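*Asks:* Dropping the sequence and predicted coords here.
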Amino acid sequence: MAELVRTGVSIEQDLLEKFDKVIARRGYGNRSEALRDLIREMLVSEAVNANKPVVATLSMVYDHHRPELSNKLNAAQHRHHGNVLAATHVHLDENNCFEVVIMKGLAGEVKHLADHMLSMRGVKHGKLVMTATGKGF
Ligand code: NI
(Lines give C-alpha, C1' and ligand atoms only; values in the text may rest on other atoms or scores of the structure.)
Protein backbone atom coordinates (compact mmCIF):
# COMPACT_ATOMS: atom_id res chain seq x y z
CA MET A 1 0.00 0.00 0.00
CA ALA A 2 1.29 3.45 -0.92
CA GLU A 3 2.31 5.94 1.73
CA LEU A 4 -0.44 8.28 2.90
CA VAL A 5 0.05 12.03 2.76
CA ARG A 6 -2.20 14.66 4.32
CA THR A 7 -3.50 17.59 2.31
CA GLY A 8 -5.79 20.52 3.00
CA VAL A 9 -8.64 21.73 0.81
CA SER A 10 -10.38 25.11 0.78
CA ILE A 11 -14.06 24.70 0.10
CA GLU A 12 -17.26 26.70 0.54
CA GLN A 13 -19.06 25.81 3.76
CA ASP A 14 -22.41 25.06 2.17
CA LEU A 15 -20.78 22.85 -0.45
CA LEU A 16 -18.98 20.91 2.26
CA GLU A 17 -22.19 20.51 4.25
CA LYS A 18 -23.92 19.05 1.20
CA PHE A 19 -20.99 16.73 0.63
CA ASP A 20 -21.05 15.55 4.24
CA LYS A 21 -24.77 14.78 4.01
CA VAL A 22 -24.32 12.75 0.85
CA ILE A 23 -21.36 10.75 2.12
CA ALA A 24 -23.11 10.05 5.43
CA ARG A 25 -26.13 8.75 3.53
CA ARG A 26 -23.86 6.55 1.43
CA GLY A 27 -22.19 5.13 4.49
CA TYR A 28 -18.73 6.67 4.36
CA GLY A 29 -17.09 6.80 7.78
CA ASN A 30 -15.15 9.95 6.94
CA ARG A 31 -14.39 12.45 4.18
CA SER A 32 -11.03 10.94 3.30
CA GLU A 33 -12.34 7.72 1.79
CA ALA A 34 -15.11 9.62 -0.03
CA LEU A 35 -12.53 11.99 -1.53
CA ARG A 36 -10.27 9.10 -2.50
CA ASP A 37 -13.22 7.46 -4.29
CA LEU A 38 -14.01 10.71 -6.13
CA ILE A 39 -10.39 10.93 -7.27
CA ARG A 40 -10.42 7.31 -8.43
CA GLU A 41 -13.63 7.99 -10.32
CA MET A 42 -11.87 10.83 -12.13
CA LEU A 43 -8.88 8.61 -12.93
CA VAL A 44 -11.13 5.91 -14.36
CA SER A 45 -12.94 8.52 -16.42
CA GLU A 46 -9.60 9.75 -17.78
CA ALA A 47 -8.56 6.17 -18.61
CA VAL A 48 -11.82 5.64 -20.51
CA ASN A 49 -11.44 8.91 -22.40
CA ALA A 50 -7.82 8.13 -23.26
CA ASN A 51 -8.73 4.67 -24.60
CA LYS A 52 -6.74 2.89 -21.91
CA PRO A 53 -7.29 -0.73 -20.77
CA VAL A 54 -10.54 -1.25 -18.87
CA VAL A 55 -12.63 -4.05 -17.45
CA ALA A 56 -16.38 -3.79 -17.88
CA THR A 57 -19.79 -5.31 -17.51
CA LEU A 58 -22.57 -4.97 -20.02
CA SER A 59 -26.04 -5.77 -18.66
CA MET A 60 -28.87 -6.25 -21.12
CA VAL A 61 -32.53 -7.16 -21.00
CA TYR A 62 -33.80 -8.44 -24.30
CA ASP A 63 -36.76 -10.00 -26.03
CA HIS A 64 -36.48 -13.78 -25.96
CA HIS A 65 -38.83 -14.09 -28.94
CA ARG A 66 -37.04 -11.69 -31.30
CA PRO A 67 -35.95 -13.94 -34.18
CA GLU A 68 -32.21 -14.52 -34.36
CA LEU A 69 -31.41 -12.02 -31.60
CA SER A 70 -29.71 -14.41 -29.20
CA ASN A 71 -27.71 -15.84 -32.13
CA LYS A 72 -26.64 -12.34 -33.15
CA LEU A 73 -25.58 -11.46 -29.61
CA ASN A 74 -23.68 -14.72 -29.37
CA ALA A 75 -22.00 -14.20 -32.74
CA ALA A 76 -20.86 -10.68 -31.77
CA GLN A 77 -19.26 -12.05 -28.62
CA HIS A 78 -17.51 -14.83 -30.56
CA ARG A 79 -16.22 -12.35 -33.12
CA HIS A 80 -14.73 -10.25 -30.31
CA HIS A 81 -13.73 -13.19 -28.09
CA GLY A 82 -10.51 -11.40 -27.15
CA ASN A 83 -12.61 -8.80 -25.36
CA VAL A 84 -15.15 -11.16 -23.76
CA LEU A 85 -14.17 -12.85 -20.51
CA ALA A 86 -17.52 -14.39 -19.56
CA ALA A 87 -21.25 -14.12 -20.07
CA THR A 88 -24.15 -15.15 -17.89
CA HIS A 89 -27.66 -15.61 -19.15
CA VAL A 90 -30.79 -15.57 -16.98
CA HIS A 91 -34.25 -16.44 -18.33
CA LEU A 92 -36.28 -13.77 -16.51
CA ASP A 93 -39.70 -14.96 -17.61
CA GLU A 94 -41.41 -16.41 -20.71
CA ASN A 95 -40.51 -13.33 -22.76
CA ASN A 96 -37.40 -11.71 -21.36
CA CYS A 97 -33.75 -12.63 -21.06
CA PHE A 98 -31.16 -10.92 -18.90
CA GLU A 99 -27.54 -11.20 -19.93
CA VAL A 100 -24.39 -9.88 -18.31
CA VAL A 101 -21.21 -9.85 -20.39
CA ILE A 102 -17.89 -9.30 -18.65
CA MET A 103 -15.32 -7.68 -20.91
CA LYS A 104 -11.80 -6.33 -20.98
CA GLY A 105 -9.72 -4.42 -23.49
CA LEU A 106 -9.13 -0.89 -24.62
CA ALA A 107 -12.03 1.37 -23.69
CA GLY A 108 -12.86 2.06 -27.33
CA GLU A 109 -13.02 -1.64 -28.23
CA VAL A 110 -15.24 -2.46 -25.28
CA LYS A 111 -17.57 0.46 -26.02
CA HIS A 112 -17.75 -0.51 -29.69
CA LEU A 113 -18.80 -4.07 -28.86
CA ALA A 114 -21.31 -2.87 -26.26
CA ASP A 115 -22.85 -0.33 -28.64
CA HIS A 116 -23.11 -3.02 -31.31
CA MET A 117 -25.10 -5.31 -29.00
CA LEU A 118 -27.20 -2.57 -27.38
CA SER A 119 -28.32 -1.25 -30.76
CA MET A 120 -29.71 -4.61 -31.89
CA ARG A 121 -33.45 -4.68 -32.30
CA GLY A 122 -35.08 -6.45 -29.39
CA VAL A 123 -32.52 -5.35 -26.80
CA LYS A 124 -34.85 -3.40 -24.53
CA HIS A 125 -32.42 -1.87 -22.09
CA GLY A 126 -28.78 -2.14 -21.23
CA LYS A 127 -25.94 -0.46 -19.49
CA LEU A 128 -22.19 -0.59 -19.92
CA VAL A 129 -20.11 0.01 -16.80
CA MET A 130 -16.40 0.43 -17.36
CA THR A 131 -13.78 0.57 -14.68
CA ALA A 132 -10.00 0.42 -14.55
CA THR A 133 -8.07 -2.68 -13.62
CA GLY A 134 -7.07 -1.19 -10.28
CA LYS A 135 -3.38 -0.95 -11.14
CA GLY A 136 -1.91 2.32 -9.95
CA PHE A 137 -4.66 3.14 -7.48
NI1 NI B 1 -33.26 -16.55 -21.84
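*Replies:* The structure has been received and is ready for your questions.
*Asks:* residues in this protein within reach of the ion, list them.
*Replies:* Listed as neighbours of the ion in the chain under the rule CB under 5 Å from the ion: 91, 97. For the C-beta atoms, the positions are set from N, CA and C on the backbone; glycine is no exception.
*Asks:* what's the single longest helix in the chain?
*Replies:* Assignment by DSSP state H gives helix 31-49 as the longest helix of the chain.
*Asks:* strands paired with the helix or strand following that one, and their directions?
*Replies:* Once the chain leaves helix 31-49, the next helix or strand it forms, by DSSP states H and E, is strand 53-63. The strands that strand 53-63 pairs with in its sheet are strand 96-106 (antiparallel), strand 123-131 (antiparallel) (by DSSP bridges).
*Asks:* Other residues contacting the following helix or strand past strand 53-63?
*Replies:* Sequence-wise, the next helix or strand downstream of strand 53-63 (DSSP H and E) is helix 69-79. Residues from elsewhere that reach helix 69-79 (CB atoms under 8 Å, 6 or more residues apart in numbering): 60, 62-64, 84, 87, 97, 99, 101, 113, 116-117, 120-123.
*Asks:* between the strands paired with strand 53-63, which gets nearest to residue 48?
*Replies:* strand 123-131 (5.4 Å; CB to CB).
*Asks:* Can you point out the buried residues in the helix or strand bottoming out on mean pLDDT in the chain?
*Replies:* Each helix and strand of the chain was given a mean pLDDT (mean pLDDT, DSSP states H and E); the minimum falls on helix 31-49 at a mean of 93. Residues of helix 31-49 classed as buried by neighbour count (16 or more other CB atoms under 10 Å): 34, 44, 47, 48.
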